[in-house]
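Trainee: Sharing a model prediction with you, sequence too.
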Amino acid sequence: MSRIGNEHITLPAGVSFEVKGNVFTVKGPKGSLSQEFDTVITPSIENGVISFKRANDLGPTKAKHGLYRALCNNMVKGVTEGFKKSLIVNGVGWKVAKQGNKIVLNVGFSHPVEIAEVEGISLDCPSQTEITVTGISKEKVGQFAAMVRGVREPEPYHGYGIRYSDEVIERKVGKAAGGKG
């Protein structure tokens, strides 16, 4: 078992943690995030260190213990550093451009695909084949990046598609040249 829930979270300077009812809020230089939590988990802060206690040792309670500790840790990291996902567009003549608060993808369809920024997410195009998704919520950044990737998922034969910068596409061998009949 990992026992992540037992680890403490040290708050960096300029970050505050607050519990009201069954919602905890983390505020920092980049913004604030809130998360509801289950009643079997009790978050507390003492001397700038956040800890989570659980009501019992049942399996689902242990799982929630680790879950809320990990969510809180991601929130602290998000309001201090933020999160970033990079995507690469790979295809002949395929390109991406930023127009105002949206990106326009030309990825082999008969029409360009437009994707608008959502609240809490920033889009950037450092080059014609790169997209950068940034924000303070790890969940939103990952979900939005997955949605952009889903416009044209990478295919294994030629490698065309939109992929994460750290993703490796396993290539498949095509059909063998004609055999004897």
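Mentor: Nice, thanks for sending it over. This structure is a prediction, so every number in the text was calculated from the model and none was measured.
Trainee: Count the residues that sit near Ala176.
Mentor: Per other CB atoms under 10 Å, the neighbour tally for Ala176 reads 6. (Each C-beta comes from the backbone N, C-alpha and C, glycine too.)
Trainee: gap between it and Ile169?
Mentor: Plainly put, Ala176 is 21 Å away from Ile169 if you go by CB to CB, to the nearest Å.
Trainee: SS state for the nearest residue to Ala145 once chain neighbours are set aside?
Mentor: Excluding the flanking residues, the one nearest Ala145 by CB to CB, 6 or more residues apart in numbering is Lys85, at 3.9 Å. Of the three states, Lys85 takes strand under DSSP: H, G, I helix; E, B strand; the rest coil.
Trainee: check contacts around Lys98.
Mentor: Shown in contact with Lys98 (CB atoms under 8 Å, 6 or more residues apart in numbering): Val104, Leu123, Asp124, Cys125.
Trainee: Sorry, wrong one. I was asking about Ser32.
Mentor: Thr25, Val26, Val79.
Trainee: Now, the residues you listed that are in helices?
Mentor: Those of the contacts of Ser32 mapping onto helices are Val79, per DSSP state H.
Trainee: Kindly indicate which of the contacts of Ser32 lies nearest Phe144.
Mentor: Among the contacts of Ser32, Val79 lies closest to Phe144 (CB to CB), at 18.0 Å.
Trainee: Go ahead and confirm that closest one touches Phe17.
Mentor: No: in this structure, Val79 is not within contact of Phe17 by CB atoms under 8 Å, at 10.2 Å.
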